Every structure is written in structure tokens, then in C-alpha cells.
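# how would this look folded up:
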Amino acid sequence: MFVVLFVCTGNICRSPAAEALLRRAVDPTVTVASAGTRGLSAQPVHPPMARLLTEDGIDTSEFRSHWLTPEDVRDADLVLTLTAAHRAQVLEVEPLALRRTMSLGELARLASAVPAGTVAGATDAERLGPLVRAALGLRHRFLGTDDAYDDVVDPYGLADEVYQASYAQINGHLDRLVTALRTR
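Presented below is the predicted three-dimensional model:
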């Protein structure tokens, strides 16, 4: 098993969407969860994001938000944040997670640059670890060139168009990551 934890602010918009979309894309050897750095616990996915997920065939009725704990971070093989600021917050909670915590956008960007033939394995869990290590190995090549698109916009309380833009960013990052998982 390989455990992926998504982290955003309230765990009611971005991270539950990323959790649901990645869970649908990977095989059962990968466990996917999410948490928020602050906000209300035990809340459903915010209605505008829930509608977008429902339109994509994903049921969010059982989801409830969860506050980030040190145990969540320790139990995860990979912590993917929705912004660089969330990454800093995760590292405040668990500094030893430095080498396995990055933003979803950064991992998608770096994983896309991993050469074909780098990752082998029969399951997604067997491929994901080597893909992340290879992507992290490329980080030095991109120092000082952070892509502003890496941070997923926070749509909470904003217009439906912002939710759509945020959802599109999440989908785009996950498409790049899953493509790299299958082809590298």
C-alpha cells in the first residue's frame, strides 16, 4: 500500500476534490485521504465543488472534513498540498515530512519531466514511490522557476467560475501526474 494525503485549508473544496479524483484514477493499492489546516471538522464537501464532482460521476455524500494531525502526516507516504503555503503548514506540524511533502502542482510538473523508462512496477503503489523519488531528484533543475500555476486557487465563497477554475487546475495536475505514473 501507498498512502497519499492531500492538504488544503478547510478540507471542504480543493483537497476532497483531489482525493476523490485521484482515488478514481489509481488502483486499490493506493490509499487516498485528505485533511485541512483549519476550518470546521466533519463538514461535507462545499456544494459548488460537490456539484462539479457529481457532474464527473463522483458521489461525495459520505465525505466529512478532517483537521490535519501529526499522525495523518506521519502515516502518509506522500503529502500533496494544494499550495506552497499549505506545504509550509504541513512542515510546521511534522518537520520530518520534508522529503515527502510537496504541492500537487509541483509534483505534476516535475513528474512530467521524469524520463520514460524510469518507473517500473506492477501496481500503482509500486510505481508511485519511484516516480516521486525521480521527480524530487529533478527539483534542483527547477529551482527559482516555480510555476505560479502550481498553487490551486481557493474558490471558497467565490463565484461558480472560480470553483470551475480550481477544479480544472486540480484535474490538470492530476492528469499530468497519472499520465507520468502510467508512462514513465
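
# who does whichever strand or helix holds residue 4 pair up with?
According to DSSP states H and E, residue 4 maps onto strand 2-8. Applying DSSP bridges, strand 2-8 is found paired with strand 30-36 (parallel), strand 78-81 (parallel).

# what does whichever helix or strand comes after that strand contact?
Downstream of strand 2-8, the next assigned helix or strand under DSSP H and E is helix 14-25. Outside helix 14-25, the residues within contact range by C-beta atoms under 8 Å, 6 or more residues apart in numbering are 4, 6-8, 30, 32-36, 45, 49, 52-53, 56, 58, 60, 63, 65, 80, 82, 104, 152, 154-155, 166-167, 170-171, 174, 177-178. The C-beta positions use only the backbone N, C-alpha and C, and glycine is treated the same way.

# same deal with stretch 90-102?
7, 37, 68-70, 73-74, 76-81, 87, 132, 136.

# pull up the per-residue confidence for the residue sitting furthest away from the middle of the chain.
In the chain, counting by C-alpha atoms, centre = their mean, residue 117 sits farthest out from the average C-alpha position, at 23.8 Å. Here the pLDDT value assigned to residue 117 is 88.

# try the one 3 residues further on
Reading off the per-residue confidence, residue 120 sits at a pLDDT of 91.

# swap in residue 146?
For residue 146, the predicted pLDDT is 58.

# which other helices and strands contact the longest helix along the chain?
Once the chain is assigned using DSSP state H, the helix that runs over the most residues is helix 160-183. Identification of packing neighbours for helix 160-183 by 3 or more C-beta pairs under 8 Å, 6 or more residues apart in numbering; DSSP states H and E yields helix 14-25, helix 47-55, helix 104-112, helix 124-137.

# pull the most distant pair out of the contacts of stretch 90-102.
Among the contacts of stretch 90-102, the pair separated by the greatest distance (C-beta to C-beta) is 69 and 136, at 24.3 Å.

# so how do I select the buried members of the contacts of helix 14-25 in ChimeraX?
Selecting only the buried entries of these in ChimeraX, with 16 or more other C-beta atoms under 10 Å as the criterion:
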select :4,6,7,8,30,32,33,34,35,36,45,49,52,53,58,60,63,65,80,82,104,152,154,155,166,167,170,174,177,178
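
# tell me the contacts of residue 78?
2, 3, 4, 5, 100, 101, 128, 132.

# how does it look with 6 Å?
4, 100, 132 (C-beta atoms under 6 Å, 6 or more residues apart in numbering).
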